[in-house]
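Pasting the sequence and the predicted model now:
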Amino acid sequence: MRQHRHVGAYGLLHEDGRILLIRKARGPYTGQWDLPGGRIEFGESPEDTVRRELQEEAGLTVAVGTLLSVVSERRSYRAPDGEEEELHHIGIIYEVAAEPRGVLRCGPDGQDSLGAEWFEEAGLPEGELSPMVRGALGDLPGASSRRPG
């Protein structure tokens with residue numbers, strides 16, 4: 001079994017009782033709803049990663065705020081080439097705020113996202129959320145009433 005580590009930075013954008021999520025196009029969370037974000041490129045700060053990824057995946061310019069959480073997850077899955085892989089995923093999660101004139105990209109970005117969508121905090125799609133989303137929800141005020149089962 002191949003093993004690898006992925007260190008990424010993610011943005012939790014929540015406003016007016018809603019949370020912005022993207023549908024994953026590839027990787028171990030394919031088909032699940034995830035926070036916008038991704039791999040930290042060489043020489044890039046986690047904050048710059050969040051800004052770049054929100055622009056790429058959701059078409060939004062954001063201000064990066066408070067560091068909310070660091071989530072560590074291990075998951076085994078079958079890679080596209082049929083090989084079994086074990087992933088150690090470390091996600092650095094920040095609270096972010098969108099610039100007021102941004103237009104949400106709802107369609108695929110041609111890479112990691114099948115599209116972005118707003119969800120009511122009370123109506124998140126249980127069973128379809130990535131570990132990064134679950135980790136971030138635990139750090140919001142009133143988290144016990146929002147965290148999916």
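Cool, the structure landed.

contacts, neighbours, all on C-alpha from now
OK.

from the chain's centre, how far out does stretch 85-93 sit?
12 Å (Cα atoms, centre = their mean, to the nearest Å).

leaving aside the residues next to it on the chain, what's closest to the most centrally placed residue in the chain?
Taking Cα atoms, centre = their mean, the centroid of the chain lies closest to L35, which sits 1.9 Å from it. Distances taken as Cα to Cα, 6 or more residues apart in numbering put L21 closest to L35, at 5.1 Å, once the chain neighbours are dropped.

check contacts around the one you found.
33-36, 116-119 (Cα atoms under 8 Å, 6 or more residues apart in numbering).

wait, doesn't the residue nearest to the centre of the chain sit right on I22?
Yes. Using Cα atoms under 8 Å, L35 is in contact with I22, at 6.1 Å.

What about E84, how many residues nearby?
Neighbours of E84 under the rule other Cα atoms under 10 Å: 14.

Which other helices and strands does the lengthiest strand in the chain contact?
The residue-count maximum for a strand in the chain (DSSP state E) belongs to strand 62-78. Contacts defined by 3 or more Cα pairs under 8 Å, 6 or more residues apart in numbering; DSSP states H and E place strand 62-78 against helix 46-58, strand 84-98, helix 131-137.

could the ones you listed be laid out in a markdown table, adding mean pLDDT and distance to G123?
Converted to a markdown table, the helices and strands packed on strand 62-78 look like this (pLDDT from 0 to 100; distance: least, Cα to Cα, whole Å):
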| stretch | mean pLDDT | distance to G123 |
| --- | --- | --- |
| helix 46-58 | 95 | 20 |
| strand 84-98 | 94 | 20 |
| helix 131-137 | 86 | 13 |
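
Minimum distance to P108: which of those has it?
With Cα to Cα as the measure, helix 46-58 is the member of those nearest P108 (7.7 Å).

With that, I have no additional questions.
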